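Undergrad: Let me see the structure of the following:
(chains A, B, C and D)
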Number of protein chains: 2
Amino acid sequence: MKATMKDVAEKAGVALGTVSRYFNGGMLKEGTRIKVENAIAALNFEPNQYARGLKIDKTKTIALILPTIWHPFYSEFAYYVEATLEKTGYKLFLCNSNNNPEKEREYIKLVKQNKVDGIIGITYADIDLYVSSELPFVSIDRHFSEDVTYVTADNYIGGQIAAKELIDRGAKHLAFIGSELPYPSEMTNRLKGFSEYCDSQEVPFESLLMAEPIVNEIDQIESFLKNHTYVDGVFSINDMMGINVLNTLVKLNKKSPEDVQLIGFDGIKLEKNSEFLISTIQQPVDLMAEMAVTALIAQINGRKGETRFILPVNFIEGKTTLEKKY
Amino acid sequence: MKATMKDVAEKAGVALGTVSRYFNGGMLKEGTRIKVENAIAALNFEPNQYARGLKIDKTKTIALILPTIWHPFYSEFAYYVEATLEKTGYKLFLCNSNNNPEKEREYIKLVKQNKVDGIIGITYADIDLYVSSELPFVSIDRHFSEDVTYVTADNYIGGQIAAKELIDRGAKHLAFIGSELPYPSEMTNRLKGFSEYCDSQEVPFESLLMAEPIVNEIDQIESFLKNHTYVDGVFSINDMMGINVLNTLVKLNKKSPEDVQLIGFDGIKLEKNSEFLISTIQQPVDLMAEMAVTALIAQINGRKGETRFILPVNFIEGKTTLEKKY
DNA sequence: CTGTTAGCGCATTCAC
DNA sequence: GTGAATGCGCTAACAG
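TA: From the prediction side, this is the model:
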């Protein structure tokens, strides 16, 4: 049998409230404190969190909704979210939505069920209606209605930097390879920054915009590259797609960076201490996680501050770009 | 304000117990059921899970402890655990232990705190004492005391297969590159299977066993390969290390598979639909997750069946091995 | 500083 | 088939 606080109180010869006070930071006289501690140890007691939660109406738990944890970018984000949360004693529910709105709603319901205090979500589905401003919610990379807090990297500047770095490294004919999301997202800004910078420098560029969900990604990339053999600088919408571009280049007997320079987006690494896969625009994942957690906990505690957090990105020089020329 | 069951009862003009029965599968007369449903919809009511949990002493929640979610193998495993759990309505707490026993114990305590019903753990730390047989616990890749359930891939056979495949593909001088864990683990069996097969075929092999935690992994691999230039077939303890071996080979101007064939372990992919990184021995991660969940839930419900699950591995032909010769 | 007490929201006996 | 009453384990307010 699991011991209860009542058992502890009896064993220690004190009242129930005293034991409770011991756990909630109240002052106890040296003697009673020791009696209580002994009883706790003897019974191997741990307070029942569900009873506690019922009483104080807090769970010290949040849910993280993301498309799939089986993706280096999201798993890195989850890693940092959990790490940040830990410092404040919060626990984390993990939800792989697979972009299924149904499942996202199910987790959003957990807030009403008092199972979690709030939610951090990377979601591209249409759950606007469920995300009200009363719900402690922080969105990543996606802008809901005005008063829903969101955290994002500066995708627009990221796109500009990608274009600039390719051009500065001697690329003359650029290309953007990416997808078109059915819902608006910060990702669109990557292309916007890229194309506007190209235009401002009067550098021509092509673009391959595949419809989501993408089918035959590899084939599409291959035929695009075949039809645009003069392209010598590619900006891919993210690193994973960048890897596919790289593999396709190999197949077409082109070398990177010698023949085609390539810059991705995200800054994926397979582990904390491994290398970046390609040259890339790195999102400050650790910072994004930290901000998201901080903002969420503030909301949970009734404080509402900033609702927009746009964090800086930076260029990572990897194996798929040449030395800077200018 | 959040509505309670009492509010629903009042609004529907029925008693509290009736509403409760509605949620717990009791029979209601058509008329009352509709009244209840209307009231629930009107108030947008969701049952408070903490109150429910307190009452029935179940949380429908489990915790997953792993070294770090920021690692493709673990994130794939977590993906499948969550997917399996979902089917049974369980929720998942994620814990990155970073191999810190303190943190592992903290999560194990959640069971006593009634915050989770059970635990699945991939842990190499010394937490034996905390893992008693009363605790619903399933260990992955690690054998605790006799009655603690564990799930693992057949690492011994995996090692044998790796050796066999390298030899069958014409490698004459093999090598094992890996680490030595301070605690016993199934991983040790990879080397055992490998070396025993080599011995049985009278094929010579070298081995590099780096002490954990590994420092200067790349340097150690490089110097090992430099000192054993005749090696033409490498079995690395896992895929991540395999990638490091591959990078080092490139640096040393050796080609894989032409000069050195390489087989890893795990069968890592960066996403569900991406490619394997190198030739490898694949663990049946999906199956392992499923078995772990099934066994855990059985334990939670008081049923105890098998306590040992050893699942088959298989060879994946990737870019770092040649065609089979024999 | 410590003991007593009243719920938190719900599931589950019992009567009816 | 339904309503009323009891308590799960705990916190917090109050009295002493």
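Undergrad: what's the neighbour count on A:R21?
TA: 17 (other CB atoms under 10 Å in any protein chain shown). The way it works is simple: take the backbone N, C-alpha and C, and place the C-beta from them, glycine included.
Undergrad: ok, it - contacts?
TA: With contact taken as CB atoms under 8 Å, 6 or more residues apart in numbering or on different chains, A:R21 is in contact with A:M27, A:L28.
Undergrad: List phi and psi for it.
TA: Backbone torsions of A:R21, given as degrees, to the nearest 10, read phi -60, psi -30.
Undergrad: wait, is A:S179 part of a helix?
TA: No: under DSSP: H, G, I helix; E, B strand; the rest coil, A:S179 sits outside any helix and is assigned strand.
Undergrad: Could you double-check that it sits in contact with A:I214?
TA: Yes: between A:S179 and A:I214 there is a contact under CB atoms under 8 Å: 5.6 Å.
Undergrad: So between those two, which is more surrounded?
TA: A:S179 (18 against 15).
Undergrad: Tell me which residues touch the more buried one, please.
TA: Counted by CB under 8 Å, 6+ apart, A:S179 has contacts A:L209, A:M210, A:A211, A:E212, A:I214, A:I237, A:M241.
Undergrad: how close does the fifth one sit to DNA strand D?
TA: Taking CB to the nearest atom of the strand, to the nearest Å as the measure, A:I214 falls 50 Å from DNA strand D.
Undergrad: How about the last one?
TA: In this structure, A:M241 and DNA strand D are 49 Å apart, going by CB to the nearest atom of the strand.
Undergrad: which ones are touching that residue?
TA: Neighbours of A:M241 in contact, by CB under 8 Å, 6+ apart: A:I177, A:G178, A:S179, A:E217, A:I221, A:G264.
Undergrad: near chain B, which residues of the stretch 101-250 of chain A show up?
TA: With CB under 8 Å from any CB of the partner chain as the criterion, the stretch 101-250 of chain A meets chain B at residues A:K103, A:K109, A:L110, A:K112, A:Q113, A:N114, A:K115, A:M240, A:I243, A:N247.
Undergrad: for the residue in the stretch 201-326 of chain A that DNA strand D sits nearest to, phi and psi?
TA: Closest contact between the stretch 201-326 of chain A and DNA strand D, by CB to the nearest atom of the strand, is at A:N301 (13.7 Å). Note on A:N301: backbone dihedrals following degrees, to the nearest 10 are phi -90, psi 10.
Undergrad: Tally up the residues packed near it, please.
TA: Neighbour tally, A:N301, other CB under 10 Å: 11.
Undergrad: Only alpha carbons, please: show stretch A:219-226 as CSV.
TA: Extracted in CSV, the C-alpha atoms of stretch A:219-226 (Å, rounded to 0.1, in the frame of the first residue of the first chain):
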residue,chain,number,x,y,z
ASP,A,219,12.1,13.2,-58.7
GLN,A,220,10.9,16.7,-58.7
ILE,A,221,14.2,18.0,-57.5
GLU,A,222,16.0,15.9,-60.1
SER,A,223,14.0,17.2,-63.0
PHE,A,224,14.3,20.7,-61.7
LEU,A,225,18.0,20.5,-61.6
LYS,A,226,18.2,18.9,-65.0
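Undergrad: any idea where the helices of the stretch 51-200 of chain A begin and end?
TA: A:72-87, A:101-112, A:155-168, A:188-201 (DSSP state H, counting those that start in this stretch).
Undergrad: What is the burial count for A:T88?
TA: Quick note: A:T88 (other CB under 10 Å) scores 10 neighbours.
Undergrad: Just to check, it is in contact with A:I297?
TA: Yes: using CB under 8 Å, A:T88 makes contact with A:I297 at a distance of 6.3 Å.
Undergrad: Not counting its neighbours along the chain, what's nearest A:L64?
TA: The shortest distance from A:L64 to any non-neighbouring residue, by CB to CB, 6 or more residues apart in numbering or on different chains, is to A:I120 (5.1 Å).
Undergrad: so what's the one you found bridging to?
TA: Beta bridges link A:I120 to A:L64, A:V138 when assigned by DSSP bridges.
Undergrad: per-residue pLDDT, it?
TA: What the model reports for A:I120 is a pLDDT of 96.
Undergrad: so how far is B:A51 from the residue in chain A positioned nearest to DNA strand C?
TA: Closest to DNA strand C within chain A is A:G17: 2.6 Å, counting by CB to the nearest atom of the strand. The gap separating A:G17 from B:A51 is 22 Å, by CB to CB, to the nearest Å.
Undergrad: Compare these two and say which one has the larger neighbour count.
TA: Shown here are A:G17 and B:A51; by other CB under 10 Å, B:A51 has more neighbours (17 against 11).
Undergrad: contacting residues for that one?
TA: A:L54, A:N114.
Undergrad: Relative to B:D219, how far out is the closest residue to A:Y124 other than its chain neighbours?
TA: Using CB to CB, 6+ apart and skipping the chain neighbours, the partner closest in space to A:Y124 is A:Y183 (5.1 Å). To B:D219, A:Y183 is 47 Å away according to CB to CB.
Undergrad: Check A:V245 too.
TA: Relative to B:D219, and taking CB to CB, A:V245 is found at 31 Å.
Undergrad: just A:P72 next, same as before
TA: Going from A:P72 to B:D219 by CB to CB gives 25 Å.
Undergrad: what do you get for A:P67?
TA: A:P67 is 37 Å from B:D219, by CB to CB.
Undergrad: Repeat that for A:T294.
TA: From A:T294 to B:D219 the distance is 39 Å (CB to CB).
Undergrad: Which one of the two is surrounded by more residues?
TA: Counted by other CB under 10 Å, A:T294 and B:D219 do not tie: A:T294 has more neighbours, with 16 against 10.
Undergrad: so who does the nearest residue to the more buried one once chain neighbours are set aside touch?
TA: In space, and not counting its chain neighbours, A:T294 is closest to A:T84: 7.7 Å by CB to CB, 6+ apart. Applying CB under 8 Å, 6+ apart to A:T84 gives the contacts A:A289, A:E290, A:V293, A:T294.
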